[in-house]
Every structure is written in C-alpha cells, then in structure tokens.
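K.L.:
here is a sequence together with a model predicted from it:
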Amino acid sequence: MAGKVYLIGAGPGDPDLLTVRALRLLQSAELVVHDRLVSPEIMALVPATARCIPVGKAAGFHSVPQDRINEILVELAREGHSVIRLKGGDPLIFGRGSEEAEALAAAGIPYSYIPGITAAQGASASTGVPLTHRGLATGVRYVTGHRAKDATLDLHWESLADPDTTLVVYMGAGNMAEIAARLIAAGMPVDLPVLAVSHATTPRETRLLSDLTQIGADLARAPMEAPVLFMIGRVAGLYETAALPLPRELRSAHLRVVSNG
C-alpha cells in the first residue's frame with residue numbers, strides 16, 4: 001500500500017511555536033524531506049534514526065527543482081513510507097504546499113496539511129511590531145518579492161501602494177531596492193517606515209529599521225542573511241516605542257541593526 005505525505009509548516013524557527021500535531025509527527029518521523037530554511041532548532045527535534053532528505057532552495061539556486069521534489073514525494077510514498085514534508089513557515093503561504101499536494105493527488109497519494117505560524121506573524125510577535133493597529137493600518141497584505149526562475153516582478157504596484165495597509169514582503173532581500181522604488185513611483189510616501197527581520201524568532205534574529213528611500217542602500221551596507229521578511233507601513237514606525245529588546249543595537253543616521261549576536 002502507498003504511504004502518506006504530511007505537509008507540515010515548521011513555523012518561523014522557534015520550536016516552541018510548532019503546533020502540537022507537528023511536534024508529535026516530527027518526533028516520530030522515519031523519513032523527512034525538508035527545506036533549507038527550516039531552522040536547526042526544528043531539525044534537532046527529528047529522531048537521529050530518521051532519514052533526512054534536504055531539498056533546499058536559495059535565491060538564484062535550486063538544489064532540487066520543484067518538479068523533482070514532487071516526484072520524490074510520490075516515489076517515497078509509493079514505497080509505503082510515511083513522509084514528513086517539512087517547510088518553513090506555513091505550507092500554504094508561499095510554501096508551494098498546494099503544488100506538491102496537486103502532484104500527490106494526481107498520483108493517488110493521500111496527504112494532510114499541518115499549518116505553521118507564518119513568518120509575518122512570527123516576526124511581528126518577536127519584534128513587538130503589530131501587523132495592524134488602529135489608526136495606522138486597517139489591513140495587511142502578504143506578497144512575494146521573488147519570482148520563479150528570476151522572472152521580472154510583475155506585482156500590481158498601484159494596488160500595493162496603500163499606506164493604510166501593512167505590506168509584508170517575503171523573499172524580497174535581493175529585490176528590495178527595486179520594490180521600494182516601484183512602490184514610491186506608485187504613490188507610497190518616501191519616508192514610510194520599513195522593518196526588515198532576518199531569522200525571526202531564533203537566536204540569530206537580526207532587525208533593520210529603515211524607510212522606503214533608504215532600505216536599498218541600508219541593505220547594501222549591512223546585508224541580512226536569509227530568510228528576511230520586510231514589514232512596510234506605518235506600523236513599522238512603532239518599533240521605536242514597541243520593540244521587544246535584543247541584547248545589542250547598532251545605530252546610524254539611516255540604519256538600525258539589532259541582533260542577538
């Protein structure tokens with residue numbers, strides 16, 4: 001009989017933020033297919049006896065193409081394995097979980113989703129900066145800052161340039177200067193705050209507070225290690241008063257980097 005695939009969201013990185021079901025499945029795992037951005041703290045929960053298959057991706061480099069990942073999941077399940085497919089964040093928010101589910105369904109392989117806390121929520125909680133706040137943001141919108149195969153960013157810039165909505169950009173570090181320029185051209189205020197968070201919720205968390213005009217230059221001066229999330233909007237300005245502290249702060253005229261290091 002065919003096995004089953006569990007599409008699990010590992011959350012933003014802190015093991016304490018896993019769902020109970022995700023933790024139970026991880027601790028009893030025999031075979032784990034995992035992404036590069038799953039934190040080492042999460043991977044440490046996998047039994048030493050489990051077989052782990054890395055299928056990580058980085059900007060401009062895919063160690064295993066998505067089509068091949070789909071095939072791997074089908075092949076392993078057809079061998080009768082119970083497969084843990086472990087993804088950073090939530091499998092249904094920029095996680096390609098639904099693409100893998102389509103391939104599994106087409107092959108007649110049963111699967112289940114186990115949700116995870118998405119990076120935006122994790123970064124909001126770890127920094128103390130809300131995604132919505134009365135008088136500052138009436139909504140929040142998640143967008144990807146990267147296109148498959150490095151295709152041109154074809155986002156609807158006019159609809160995104162709404163200062164009353166917090167804009168959260170995933171996977172945008174390599175394109176942030178362009179994204180900021182396009183948002184400004186579409187009408188976003190040039191001094192709109194931007195908070196960038198790397199490795200949110202983990203001991204490696206780093207923060208950078210900037211604005212739309214400076215974020216590109218700030219990242220060039222102080223590159224941040226992936227995964228990096230960008231919170232764009234008036235709520236990011238609350239960092240000055242609402243930020244949850246980290247041990248070290250570095251400041252300059254247009255740059256603040258905060259790190260646990």
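P.N.:
Now that the structure is in, tell me what you want to look at. Residues are numbered from 1 along each chain as shown.
K.L.:
that's a helix at Ala236, yeah?
P.N.:
Yes - Ala236: assigned to a helix according to DSSP: H, G, I helix; E, B strand; the rest coil.
K.L.:
ok, Thr213 - how many residues close by?
P.N.:
17 (other Cβ atoms under 10 Å). For the C-beta atoms, the positions are set from N, CA and C on the backbone; glycine is no exception.
K.L.:
er, Gly56 actually
P.N.:
If we define neighbours as other Cβ under 10 Å, then Gly56 has 14 of them.
K.L.:
I figured it hits Asp35, correct?
P.N.:
Yes - between Gly56 and Asp35 there is a contact at 5.5 Å, judged by Cβ atoms under 8 Å.
K.L.:
I'd like the next helix or strand past the strand or helix carrying Val32.
P.N.:
If you go by DSSP states H and E, Val32 is part of strand 31-34. Note on strand 31-34: by DSSP H and E, the next helix or strand toward the C-terminus is helix 40-43.
K.L.:
what does that next one contact?
P.N.:
Contact partners of helix 40-43, identified using Cβ atoms under 8 Å, 6 or more residues apart in numbering, comprise Ala10, Gly11, Gly13, Asp14, Pro15, Leu18, Leu26, His34, Cys52, Leu86, Thr202.
K.L.:
could you find the closest non-adjacent residue to the fifth one?
P.N.:
Across the structure, with Cβ to Cβ, 6 or more residues apart in numbering as the measure, the residue nearest Pro15 apart from its sequence neighbours is Glu41 (5.0 Å).
K.L.:
about what we covered before: which ones among the contacts of helix 40-43 lie within strands?
P.N.:
Judged by DSSP state E, the subset of these located in strands is His34, Cys52, Leu86.
K.L.:
in CSV, could you pull the C-alpha coordinates for whatever helix or strand Ile179 lives in?
P.N.:
Secondary-structure assignment from DSSP H and E places Ile179 in helix 176-185. Output of helix 176-185 as CSV, limited to C-alpha atoms (Å, rounded to 0.1, in the frame of the first residue of the first chain):
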residue,chain,number,x,y,z
MET,A,176,14.1,45.3,-2.2
ALA,A,177,15.7,48.3,-3.8
GLU,A,178,13.5,47.8,-6.9
ILE,A,179,10.4,47.0,-4.8
ALA,A,180,10.9,50.2,-2.8
ALA,A,181,11.4,52.3,-5.9
ARG,A,182,8.3,50.8,-7.6
LEU,A,183,6.2,51.5,-4.5
ILE,A,184,7.4,55.1,-4.4
ALA,A,185,6.7,55.6,-8.1
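K.L.:
each with direction, which strands does the next helix-or-strand element following that helix pair with?
P.N.:
Per DSSP H and E, helix 176-185 leads on to strand 193-198 as the next helix or strand towards the C-terminus. Sheet pairing here is set by DSSP bridges, and for strand 193-198 it gives strand 206-211 (antiparallel), strand 228-232 (antiparallel).
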